[in-house]
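K.L.:
Structure of the sequence below:
(one chain, ligands or ions: 2)
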Amino acid sequence: MDVAPPKIPVIQFSGEDVENGLSPSSGQGRERWKVLCRQVREACESHGCFLLTYDKIPTSLREDMLVGIKALFDLPDETKSKYQHPKPYRSYQGKCPVVPLHESFGIDDATSFEAAQDFIHLMWPQGNSAFCEILNTMSSKMLELSFTILGMIFKSFGIEEKQYEALVRDISSILRVMKYRVPATEDQNLGLVAHTDKNALTVLCQNEVQGLEIVTKEGHWEEVVVPKDALVVIVGDALKAWSNGRLVAVKHRVVMKGDKERYSFGLFTLPKEGAMIEAARELVDGEHPLLYRPFKFADYFSYFVSNLSDDALDIYAGV
Ligand SMILES: O=C(O)CCC(=O)C(=O)O
Ligand SMILES: [Fe+2]
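P.N.:
Ligands and ions are numbered 1, 2, ... in the order given. Predicted coordinates:
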């Protein structure tokens, strides 16, 4: 008898759950919050990702964002190519031979109005204040959500508040927006090559076109069927190292099927330039010996960019 593969966990919480969980006055709310924190941690331990429905990122904002992104990719190649950045994974990337279906931009700290404005101004010199506002609001909401999720993981591991505060101080973000074209032939349907995210935590949002796949613990590719209103949360290498390998940095890719273009965007939280990643003391003991030496995230990232190895974290920081 075939055993159905374990399903990717779906977790639901609301802005009210977050408030109740953190407010000192609500006993019941705090209990529910504890359960949610455990669900989040367990999903990150068992799958390295989960699907989330969360009402503080309204559907209308998601829709406006997707409309704006489509208009962005509809700009002439010449305009899009003006976005060049010295750091990897930011500059406009289009029709690269390895992933010809994929186009993307990466905007550092789009949560700052000035950064969002600079980007918009380069793409639309005549102005596009409506999309600037949407991009900035969406990034800020996604960053706040990322901090909430990181806080939930810390709480569930029983890690002191001070360490969480230090992590938050040391985090910045990149907003990446992506388009995947419809493949001309079925054998050329790879939208994005298999990889683990190098950053701490990724929160992804997509249009109705599915395509994301993850490698299960059993080593099989499994499609992530994302419900219409859900977000996808993915653990990256930095968080895996910080958790001393307790959380899984799940390998994933995008495979295009059907005849519709896929649009997605993700908020990637990552340690700031110069920040160190060091396994939390509470997560290292006799049963869980230290797996990764302390390292500077930026150095690890440079190492990855020049080697592009699948097991970069183990090779670079494994003890
Ligand atoms: O488009 C997607 O849903 C996935 C994107 C992704 O995995 C990435 O940019 O790292
Ligand atoms: Fe990814």
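
K.L.:
Mind listing the residues bridging to the closest residue to ligand 1 within the stretch 1-150 of the chain?
P.N.:
Taking CB to the nearest ligand atom as the measure, the stretch 1-150 of the chain has Ser104 as its residue closest to ligand 1, at 7.0 Å. All C-beta atoms are positioned from the backbone trio N, CA, C, and that covers glycine. With beta bridges defined as DSSP bridges, Ser104 has these partners: Gln93, Met178.

K.L.:
That one - how many residues pack around it?
P.N.:
The tally of other residues near Ser104 (other CB atoms under 10 Å) stands at 22.

K.L.:
what's the neighbour count on the residue lying closest to Gly191 once chain neighbours are set aside?
P.N.:
By the measure of CB to CB, 6 or more residues apart in numbering, the closest residue to Gly191 outside its immediate chain neighbours is Val254, 3.4 Å from it. A count of neighbours around Val254, defined by other CB under 10 Å, yields 24.

K.L.:
what's the spacing between Val254 and Asn20?
P.N.:
36 Å (CB to CB, to the nearest Å).

K.L.:
The residue nearest to the spatial centre of the chain: what secondary structure?
P.N.:
Per CA atoms, centre = their mean, the C-alpha nearest to the average position across the chain is that of Thr202, at 1.3 Å. Secondary structure assignment for Thr202 (DSSP: H, G, I helix; E, B strand; the rest coil): strand.

K.L.:
That one and Asp237 touch, don't they?
P.N.:
No - in terms of CB atoms under 8 Å, Thr202 does not count as a neighbour of Asp237; the distance is 10.9 Å.

K.L.:
and Ser172, what does it touch?
P.N.:
Contact analysis of Ser172 by CB atoms under 8 Å, 6 or more residues apart in numbering lists Asp108, Asp109, Thr269, Leu270, Pro271, Lys272, Glu273.

K.L.:
Residue numbers of this protein in contact with ligand 1?
P.N.:
With CB under 6 Å from any ligand atom as the criterion, the chain meets ligand 1 at residues Arg176, Met178, Leu192, Asp197, Leu204, Gln206, Leu212, His252, Val254, Ser264, Gly266.

K.L.:
nearest to Trp221, of those residues?
P.N.:
Of all the residues of the chain next to ligand 1, the one sitting nearest Trp221 is His252; the distance, using CB to CB, is 9.2 Å.
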